[in-house]
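*Asks:* From the sequence below, what's the structure:
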Amino acid sequence: MKSGLKIKTPVIVLNEKAYVESVGKKGLELAKICEEVAAERGVSIAICPQQVELAKIAAAVNIPCFAQHVDAVEPGSQTGFVTLESVKEAGAVGSLVNHSEHRLKIADIDFIISKAASLNLLTIVCTNNIAVSRSIAELKPYAIAVEPPELIGTGRAVSKIDPAIVENTVKEVKRVDEECVVLCGAGVTNGEDVRAAVELSADGVLLASGVVKAKDPRAALIDLVSGLG
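*Replies:* I've put the predicted structure just below:
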């Protein structure tokens with residue numbers, strides 16, 4: 001079973017991570033920039049705020065907000081854990097799952113994908129190679145984001161450095177589940193990187209530092225969306 005909710009593609013998904021540049025008011029400012037650029041350029045942009053700011057930012061902007069992480073637990077005696085129910089109540093449309101900086105066991109990924117769908121929430125499951133992407137596709141997430149860990153935060157875009165992993169991930173995932181959205185990430189910093197990803201048949205990109213740590217986040221984002229076509 002899949003969630004009936006969808007977001008427009010191609011899409012840029014901005015992960016704010018836990019950078020000092022996206023804490024508190026700075027994170028809200030980034031979300032507002034994403035909202036404004038999305039409206040001005042007629043493109044699809046989603047944002048993953050820092051966890052403690054999720055509800056505030058989801059209420060303040062009209063673009064899709066995703067949690068950066070959710071735990072494979074039911075509500076109850078779960079101190080410090082994040083439930084899918086709480087993410088939904090916060091106003092998020094879904095969550096990133098299994099980011100390379102927050103890995104999960106396959107059983108937990110399976111639980112989260114299934115539970116999220118039952119709550120009409122979207123899952124963007126991060127993977128590190130073609131084989132893992134193919135296996136995750138069998139679990140029917142909303143989206144898969146392939147990100148070779150060695151390229152994350154390097155400014156060396158996967159869509160240029162290793163185009164084969166993007167192109168073949170798309171082919172293998174779509175072979176398993178035609179409806180699964182396929183994103184690519186790691187090192188994506190400009191419009192050319194995004195254009196290369198789209199030309200490789202990706203449905204969008206997942207990125208972070210290229211915007212969050214940019215001297216001019218708005219200019220960086222405008223450059224990025226130019227690659228959406």
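
*Asks:* can we go C-alpha only for contacts and neighbour counts from here?
*Replies:* Fine.

*Asks:* Identify each buried residue in the lengthiest helix in the chain, please.
*Replies:* In the chain, with assignment by DSSP state H, the single longest helix is helix 25-41. Going by neighbour count (16 or more other Cα atoms under 10 Å), the buried part of helix 25-41 is 27, 28, 30, 31, 32, 33, 34, 35, 36, 37, 38.

*Asks:* mind giving me CSV with those and columns for distance to residue 131 and pLDDT?
*Replies:* As requested, the buried residues of helix 25-41 are arranged in CSV below (distance: Cα to Cα, whole Å; pLDDT from 0 to 100):
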residue, distance to residue 131, pLDDT
27, 34, 98
28, 37, 98
30, 34, 98
31, 33, 98
32, 37, 98
33, 36, 98
34, 33, 98
35, 35, 98
36, 37, 98
37, 35, 98
38, 33, 97
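
*Asks:* State the pair within those residues that is farthest apart.
*Replies:* Greatest spacing in those, by Cα to Cα: 27 and 38 (16.6 Å).

*Asks:* Give me the residues contacting the helix or strand bottoming out on mean pLDDT in the chain.
*Replies:* Of all helical and strand segments in the chain, the minimum by mean pLDDT, DSSP states H and E falls on helix 158-161, at a mean of 80. With contact meaning Cα atoms under 8 Å, 6 or more residues apart in numbering, helix 158-161 is reached by 147-148, 151, 166, 184-188, 193-194, 196-197, 200.

*Asks:* Mind putting the buried residues of helix 25-41 into JSON lines with distance to residue 101?
*Replies:* Shown next, in JSON lines, are the buried residues of helix 25-41 (distance: Cα to Cα, whole Å):
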{"residue": "27", "distance to residue 101": "19"}
{"residue": "28", "distance to residue 101": "23"}
{"residue": "30", "distance to residue 101": "21"}
{"residue": "31", "distance to residue 101": "22"}
{"residue": "32", "distance to residue 101": "25"}
{"residue": "33", "distance to residue 101": "25"}
{"residue": "34", "distance to residue 101": "23"}
{"residue": "35", "distance to residue 101": "26"}
{"residue": "36", "distance to residue 101": "29"}
{"residue": "37", "distance to residue 101": "28"}
{"residue": "38", "distance to residue 101": "27"}
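
*Asks:* Go through those and name the one nearest residue 100.
*Replies:* residue 27 (21.5 Å).

*Asks:* Which residue, other than its chain neighbours, is closest to that closest one?
*Replies:* For residue 27, ignoring the flanking residues on the chain, the nearest one in space by Cα to Cα, 6 or more residues apart in numbering is residue 49 at 6.6 Å.

*Asks:* How many neighbouring residues does the one you found have?
*Replies:* Residue 49 has 29 neighbours, counted by other Cα atoms under 10 Å.
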